[in-house]
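**Student:** coords below, sequence missing:
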């Protein structure tokens, strides 16, 4: 925070080159935008603008400052985007399958999932799932899917044993 205050005090100094003040203002605008939107690209543009503002104290050529800002923006965008986690296929929620062969209580049956037959067991060991029912895939242990029924049967009408 102290660094930010010092940069703003330097920006307010009238003897600074005009490019410095513009780069500092752009930098903080992009940083604020990056925090509000949550996009690392905007934050990288802001960081690059602040670094360019510091360089503008010694580099007076506006075209050289723009080139520096462009190079820094691209480099920081690549670095910051690499730090954002991407969802993988295994962590998708709410995937469904159809029971092809009855899953007995505490046992293993078969389900049709993404066009292939998989072994499956119910997460709740005292519930059986009848053939043709839709189930939610909640995980995988080796080559066996862990599933939950979409509808839980009443205890007295549970025909699957």
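**Tutor:** That came in fine, so what should we check first? Predicted model, so just to flag it, every value in this text is computed and none were measured. Residues are numbered from 1 along each chain as shown.
**Student:** and residue 96, that's in a strand?
**Tutor:** Yes: assessed by DSSP: H, G, I helix; E, B strand; the rest coil, residue 96 belongs to a strand.
**Student:** can you map out the strands along the protein?
**Tutor:** 95-101, 108-113, 116-122, 134-141, 144-149 (DSSP state E).
**Student:** just put the ones you listed in JSON lines and tack on mean pLDDT, mean neighbour count and distance to residue 30.
**Tutor:** Yep, even glycine has a C-beta here, placed from its N, CA and C like the rest. Below are those laid out as JSON lines (pLDDT from 0 to 100; neighbours: other C-beta atoms under 10 Å; distance: least, C-beta to C-beta, whole Å):
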{"stretch": "strand 95-101", "mean pLDDT": "90", "mean neighbour count": "16", "distance to residue 30": "38"}
{"stretch": "strand 108-113", "mean pLDDT": "93", "mean neighbour count": "18", "distance to residue 30": "45"}
{"stretch": "strand 116-122", "mean pLDDT": "92", "mean neighbour count": "17", "distance to residue 30": "47"}
{"stretch": "strand 134-141", "mean pLDDT": "90", "mean neighbour count": "15", "distance to residue 30": "41"}
{"stretch": "strand 144-149", "mean pLDDT": "91", "mean neighbour count": "19", "distance to residue 30": "45"}
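**Student:** now these as a markdown table including distance to residue 81?
**Tutor:** Shown next, in a markdown table, are those (distance: least, C-beta to C-beta, whole Å):
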| stretch | distance to residue 81 |
| --- | --- |
| strand 95-101 | 27 |
| strand 108-113 | 32 |
| strand 116-122 | 34 |
| strand 134-141 | 29 |
| strand 144-149 | 33 |
